[in-house]
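**Q** My questions concern the predicted model and sequence given below.
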Amino acid sequence: MRLHGQWPCCLTDQYAGARCTGRMQLETEGDEGLMSRVIAGERSPLTTLVERHHGPLIGYLYRMVGGDRALAEDLTQETFIRLITSKSYISTRPFKPWLYAIATNLARDHFKAAATRYSGDQHGEYSNEEAISELAGPEERALSAERHADVVSAIGRLATEYRAALLLRFYGELSLQEIALSLDVPLGTVKSRLSVGCRRLRELLALTDQEYEGAAAEKIMRGVKE
Amino acid sequence: MDEKQPSEAVPSSQAPELRSGRSPLHNGRLLEDMLREQGEDERSIEALVPVLERLSEWQAPVPSEADTQRLLSVLLPLLPVVPMVPQPVATPELVVTTSSVTPVREVSEVRAALRDRLVRPRSRLRWFFELALLQGMMVRPSFWLASAFITVLGMLAVVFSLPAHSVFVLRLLGPLLAALGVSAAFRSVRLNMLEIELSCPISPLRLTLVRLTLVLGYDVALGLLVSLTLVLVNAQAASLGLLGLVTVRHWLAPLLLVAGLALILSLRLPVETAAALAYTGWLAVLVPTLTEGMEQTQGFFTSLIGGGEVAIGIAGTLLVVVALSRIRTSLSLLLPRG
């Protein structure tokens, strides 16, 4: 959160004080209050909401679709468009679960429309490139890419309902209740999905590790033969 | 998104989870608590924590400020256009967010009170009085005081010094109050507040009507006070019975005429100039009735004013109506230029 005097407007004009105070108030206001004002046609609360949720939402969708950034950006934009054009929001409804419910439904719709089963094998390549390009040395990059690919592959192989629950819980840091609202399932189902999802993830990661070890052993054997 | 930017690589230090410094993926104890909350036993927790910690290896891209601005440029034009009529909103409700136990108000208290006031069902009369009370705050206190002072001064002059010219004094003071009243009612134009009034849910025409009613009503009340005083003081005249009505006619008719003229002129001229012109015009007609040595002229104006007071009153009322009907279309002329 920026403090008063840190916004660009503070340095530029005579109304800086009032405007900065307004921005600070917006930053401390709850999502539900901001959304009520967005529905009333106010622009500033929308800016605050987008600045607050753009990063986490794109992160969620990026992982949900297996690391396709362009697709994640499209779905994020579509989520926000649905958010402000939908007439269904009621101010007593918690905002964050509603936002993630829209995003999850859009991701599901995309999966159905594309009739695509996402897997880590399909999407691991560019995910690796994006995420590790800032790392220091080539060895670190190679190692990180390999480990990173394991996680991408494992998450990608999870069924959509388990993947969504895990991503919302451990990346999005949503509470169990918020996840239940987002996925429109009972609380017990959320716990069940998380439990099954965690175990399935452990199996998949172990499997991926074995695959890598097997591939490495095969490579070594080939090298020995040659 | 039409334009795709190259993916922004994300150093782990900039990832959203890490910026907060409390990501569960980097905090084993937090992960244990989360797993416990979802119903895992201790043995499972021990086995699952290392698995979940590995999730931190996959960092998602963080959108740059330019990305967010680009998204906003798409979203802002889609914001709903809200009609000027306020929507009914119930009293503010407390909403408990699931992410925090802090209660969040649906709308601010000020906004809720304003909406509540606007949508609360009430009689037209009450609505008018509430609006008049608010608009009364727009009028400077000096107007109320000056009008009262002029009225009292005129009354004293009539009662104690110039009983022979009481009608002239009434005809002199009534329009003066009207000129002051019109000037006070349109003070917002001089203060460049018309743009704000135009953006209000209540139309500027209604505001003008309420304000005019307020200031002219105040003037009329003062005039009635003078008339009553004169009737009470002049016992002989009071016995005639109709004197009260006649006295009211003496100041009310010119008051309406000058008010109407000032309003008509204010559609093209600054309000003060319009009020001054209207009152000067009235004086130009009134003063010759007092001038000695101009019997012929005096006779003409005396008959014009004295004989046609009812007609003057009707003409003044018509001018007020015409001016008010033209205000809606002439508002743009009142906006500040340059």
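**A** Great, that's in hand.
**Q** Now residue B:214: which helix or strand?
**A** Element membership for residue B:214, per DSSP states H and E: helix B:204-233.
**Q** To clarify, my last question referred to residue A:99.
**A** Residue-wise, residue A:99 maps onto helix A:95-114 under DSSP H and E.
**Q** What are the buried residues along that helix?
**A** The neighbour-count check on helix A:95-114 (16 or more other C-beta atoms under 10 Å in any protein chain shown) flags A:95-104, A:106-107, A:110 as buried. Backbone N, C-alpha and C define where each C-beta goes, glycine included.
**Q** quick one: the helices in chain A?
**A** A:16-28, A:31-39, A:44-64, A:69-85, A:95-114, A:120-132, A:138-157, A:160-166, A:176-183, A:187-225 (DSSP state H).
**Q** Quick one: the helices in the stretch 101-250 of chain B, in order.
**A** Along the stretch 101-250 of chain B, counting by DSSP state H, counting those that start in this stretch, helices occupy B:109-119, B:124-136, B:141-156, B:166-185, B:187-190, B:194-198, B:204-233, B:235-238, B:243-266.
**Q** coming back round to it: just the buried residues of the helix holding residue B:214, please?
**A** B:204, B:207-216, B:218-220, B:222-223, B:226-227, B:229-231.
**Q** for stretch B:35-42, same thing?
**A** Those buried within stretch B:35-42 under the rule 16+ other C-beta under 10 Å are B:35, B:38, B:40.
**Q** Kindly indicate which of these lies nearest chain A.
**A** residue B:38 (4.7 Å; C-beta to the nearest C-beta).
**Q** quick one, what contacts the closest one?
**A** If you count contacts by C-beta atoms under 8 Å, 6 or more residues apart in numbering or on different chains, residue B:38 has them with A:169, A:176, A:190-191, A:194-195.
**Q** at 10 Å instead, please
**A** If you count contacts by C-beta atoms under 10 Å, 6 or more residues apart in numbering or on different chains, residue B:38 has them with A:165, A:169, A:176, A:179, A:187, A:190-195, A:197-198, B:44-45, B:48.
**Q** Kindly report the same for residue A:167.
**A** A:59-64, A:100, A:104, A:107, A:155, A:158, A:174, A:179, A:197, B:55, B:60.
**Q** filter those to the buried ones?
**A** By 16+ other C-beta under 10 Å, these give A:59-64, A:100, A:104, A:107, A:155, A:158, A:174, A:179, A:197, B:55, B:60 as buried.
**Q** Burial check on the closest residue to residue A:151 other than its chain neighbours, number of neighbours?
**A** Spatial nearest neighbour of residue A:151, excluding adjacent residues (C-beta to C-beta, 6 or more residues apart in numbering or on different chains): residue B:58 at 4.5 Å. Using other C-beta atoms under 10 Å in any protein chain shown, residue B:58 has 25 neighbouring residues.
**Q** Kindly report the same for the one 10 residues further on.
**A** Neighbour count of residue B:68, defined by other C-beta under 10 Å: 16.
**Q** pretty sure residue B:60 belongs to a helix, no?
**A** No: under DSSP: H, G, I helix; E, B strand; the rest coil, residue B:60 sits outside any helix and is assigned coil.
**Q** what's the pLDDT at the closest residue to it other than its chain neighbours?
**A** Closest residue to residue B:60 apart from its sequence neighbours, by C-beta to C-beta, 6+ apart: residue A:59 at 3.5 Å. For residue A:59, the pLDDT comes out at 93.
**Q** my guess is residue A:59 meets residue A:172, correct?
**A** Yes: taking contacts as C-beta atoms under 10 Å, residue A:59 lies within contact range of residue A:172: 7.8 Å.
**Q** Let's test this: mean pLDDT of stretch B:133-144, rounded?
**A** 79.
**Q** meant to ask about stretch B:38-47
**A** Mean predicted lDDT for stretch B:38-47 stands at 90.
**Q** Quick one: list the elements packing against the helix or strand where residue B:319 lies.
**A** For residue B:319, the host element (DSSP H and E) is helix B:309-334. Under the contact criterion of 3 or more C-beta pairs under 10 Å, 6 or more residues apart in numbering or on different chains; DSSP states H and E, helix B:309-334 touches helix B:166-185, helix B:187-190, helix B:194-198, helix B:204-233, helix B:243-266, helix B:271-286, helix B:295-307.
**Q** Show the subsequent helix or strand relative to the helix or strand bottoming out on mean pLDDT in chain B.
**A** Using mean pLDDT, DSSP states H and E, helix B:16-19 stands out as the lowest-scoring helix or strand of chain B, at a mean of 40. Next along the chain after helix B:16-19, taking DSSP H and E as the criterion, comes helix B:28-37.
**Q** Number of residues surrounding residue A:76?
**A** Neighbours of residue A:76 (other C-beta under 10 Å): 26.
**Q** what residues are up against the closest residue to it other than its chain neighbours?
**A** With sequence-adjacent residues excluded and distances taken as C-beta to C-beta, 6+ apart, residue A:76 is closest to residue A:58, at 4.7 Å. Contacts were defined as C-beta under 10 Å, 6+ apart; by that measure residue A:58 touches A:69, A:72-73, A:75-77, A:79, A:103, B:16, B:60-63, B:67-68, B:71.
**Q** Rank those by pLDDT and give me only the lowest.
**A** residue B:16 (42).
**Q** If I look at the closest residue to residue A:43 other than its chain neighbours, what pLDDT would I see?
**A** Nearest non-adjacent residue to residue A:43, counting by C-beta to C-beta, 6+ apart: residue B:76, 5.9 Å away. Among the per-residue scores, residue B:76 shows a pLDDT of 87.
**Q** So residue B:76 sits against residue A:84, correct?
**A** Yes: applying C-beta under 10 Å, one finds residue B:76 in contact with residue A:84, separated by 9.2 Å.
**Q** so where is chain A shaky, pLDDT-wise?
**A** A:1-26, A:114-147, A:209-226 (pLDDT under 70).
**Q** what is in contact with residue B:76 and residue A:84 at once?
**A** With C-beta under 10 Å, 6+ apart as the test, residue B:76 and residue A:84 both reach A:46, A:50.
**Q** These two: who's more crowded?
**A** residue A:84 (19 against 13).
**Q** Just list the residues touching that one, thanks.
**A** Contacts of residue A:84 by C-beta under 10 Å, 6+ apart are A:35, A:38-39, A:41, A:46, A:49-50, B:75-76, B:78-80.
**Q** rerun at 6 Å
**A** residue B:78 (C-beta atoms under 6 Å, 6 or more residues apart in numbering or on different chains).
**Q** contacts for stretch B:265-278?
**A** Here stretch B:265-278 has contacts from B:179, B:182-183, B:186, B:258, B:261-262, B:326, B:330, using C-beta under 6 Å, 6+ apart.
**Q** what about chain B, any weak spots by pLDDT?
**A** Short version for chain B, where the test is pLDDT under 70: B:1-22, B:81-108, B:112, B:114-122, B:158-159, B:161-164, B:187-204, B:233-247, B:290-307, B:328-338.
**Q** Look up the closest residue to residue B:286, ignoring the ones flanking it.
**A** Using C-beta to C-beta, 6+ apart, the closest residue to residue B:286 is residue B:171 (5.6 Å).
**Q** what's the neighbour count on that neighbour?
**A** 26.
**Q** out of the buried ones among the contacts of residue A:167, who's nearest residue B:309?
**A** Within the buried ones among the contacts of residue A:167, proximity to residue B:309 (C-beta to C-beta) peaks at residue A:100, which comes in at 77.2 Å.
**Q** residues in contact with the closest one?
**A** residue A:182.
**Q** From residue A:78, how far off is residue A:109?
**A** For residue A:109, the distance to residue A:78 equals 10 Å [C-beta to C-beta, to the nearest Å].
**Q** nope, residue A:177 is what I meant
**A** 26 Å.
**Q** Neighbour count for the two, which is higher?
**A** Just comparing residue A:177 and residue A:78: by other C-beta under 10 Å the higher neighbour count belongs to residue A:78, 17 against 14.
**Q** need the contact list for the more buried one.
**A** Going by C-beta under 6 Å, 6+ apart, residue A:78 touches residue A:106.
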